[in-house]
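Asks: how would this look folded up:
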Amino acid sequence: MDVFRTPDERFEDLPGYPYEPNYVEVDGLRLHHLDEGSGSTVLCFHGEPSWSYLYRHMLERLVGEGQRVVCPDLVGFGRSDKPTDQAWYTYDRHVETVTAHLDQVELDDVTVVVQDWGGPIGLRWAMENPGLVARIVILNTGLFSGRDAGAGLRAWLDYARAQTDLDVGNVVSLACGGLPPSVVAGYDAPFPDVTYKAGPLSFPRLVPTSIDDPGAREQMAVRDALDAWDGPVTVAFADGDPIFPAAVGESWARRLRQGSFRTVEGAGHFLQEMRPDAVADAILTF
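Replies: Numbering: from 1, shown residues only. Predicted coordinates for the structure are as follows:
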C-alpha cells in the first residue's frame, strides 16, 4: 500500500496556525497532533474534510484559560500520513488508529470535543476509555444507524460520493459562507493533489445506509453507551447547519442523563471556524 506524506513546507506560514507539530508512529504511519498549554485536557476531534487547523481560533483562548488542548489529525488528514487506497479507510480502522495514537499521549481529566465524523470516532473513543473522560462537548454531528439521514445529509452524500476529486478548501468555505483565500489555502494545505485525498473521499462512503452496513451496529452501541453514561455533556449546535440541524442537537441533549443544550447562533456546519468564541464558551462551561 502506498502512503503519502504531505511536505512540511505546505504548512509553513498558515494564518493563525503557528503551532509546532507533534508526532507518534502507529503501524508504520506517522500521525500528528497539536499539544498546547497545560491543565485539564481538551481533546478535539475533527471530521470531514477538515483537520486540526479547524480548532486554531480556539486554542489561544482555551490555553489562556488554563487548559491543555490536544488535537489529533486523523489518518489521511492534516499532517498525518495518507494511505492512498480508499479501501484502507474504515470506521473501525479510524477508531483503532486514533486509539493507538492517543495511547502514546498522556491524557487525564479529559474534555472530549467532537464534530462531524469526529462524533462517531471520538465518542466511541470516549466510551471505550471512560476512565480518562470527565466531560463531553458534542458539536454538529450524528451517529449513523443506517436509518433515514435527513435531506441535508442525503444531499451532501449524493454530491460527495459522486466525486473523483474533492475541492476541500472550497467545501469548507462554502459551508462557512465564504472564507479568505489564505484560510481556504490552509484547509487545502494537506492535499497537494487528488492522490493525497483518499481520506476525504472515503468518509462519505463510510456512512451506513442500512443497519447491516459496516459501522451501523457499532455506532448504535456507542449511542447506547452514551445514553448510560453519567458524566456531564454539553451539546452545542449551530443554527445554520443543513446537514445536522439544531433539532438534532436538541434530541441529543434530551436523551442524555446530564445533557444540556445551547444554540450557536450565526454559524453553519463548521462552527469552530465561524463562531470559535461561542464554542470555547461551551467548553469552558465545565
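
Asks: the stretch 1-150 of the chain: strands as residue ranges?
Replies: With DSSP state E, counting those that start in this stretch as the definition, the stretch 1-150 of the chain shows strands at residue ranges 3-4, 22-26, 29-36, 40-45, 67-72, 82-83, 110-114, 133-138.

Asks: same check, this time on the stretch 151-286 of the chain
Replies: 233-238, 259-264.

Asks: can I get those in JSON lines with mean neighbour count and distance to Ser210?
Replies: To be clear about C-beta, it is placed using only N, CA and C from the backbone, and glycine gets the same treatment. JSON lines is the format used below for the strands of the stretch 151-286 of the chain (neighbours: other Cβ atoms under 10 Å; distance: least, Cβ to Cβ, whole Å):
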{"stretch": "strand 233-238", "mean neighbour count": "25", "distance to Ser210": "26"}
{"stretch": "strand 259-264", "mean neighbour count": "18", "distance to Ser210": "28"}
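
Asks: between those, which one is closest to Pro83.
Replies: The closest of these to Pro83 is strand 233-238. By Cβ to Cβ, the value is 31.5 Å.

Asks: partner strands of the closest one, parallel or antiparallel?
Replies: Paired neighbours of strand 233-238 in the sheet (DSSP bridges): strand 133-138 (parallel), strand 259-264 (parallel).

Asks: and Ala198, how many residues sit next to it?
Replies: If you count neighbours by other Cβ atoms under 10 Å, Ala198 ends up with 21.

Asks: hmm, I was thinking of Ala126
Replies: Ala126: 24 surrounding residues under other Cβ under 10 Å.

Asks: so it is in contact with Ile136, correct?
Replies: Yes: with contacts counted by Cβ atoms under 8 Å, Ala126 reaches Ile136, the gap being 6.1 Å.

Asks: just to revisit the earlier point, format the strands of the stretch 1-150 of the chain as JSON lines; extra columns: mean neighbour count.
Replies: Shown next, in JSON lines, are those (neighbours: other Cβ atoms under 10 Å):
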{"stretch": "strand 3-4", "mean neighbour count": "17"}
{"stretch": "strand 22-26", "mean neighbour count": "16"}
{"stretch": "strand 29-36", "mean neighbour count": "20"}
{"stretch": "strand 40-45", "mean neighbour count": "25"}
{"stretch": "strand 67-72", "mean neighbour count": "24"}
{"stretch": "strand 82-83", "mean neighbour count": "22"}
{"stretch": "strand 110-114", "mean neighbour count": "25"}
{"stretch": "strand 133-138", "mean neighbour count": "23"}
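
Asks: I appreciate the help and will end here.
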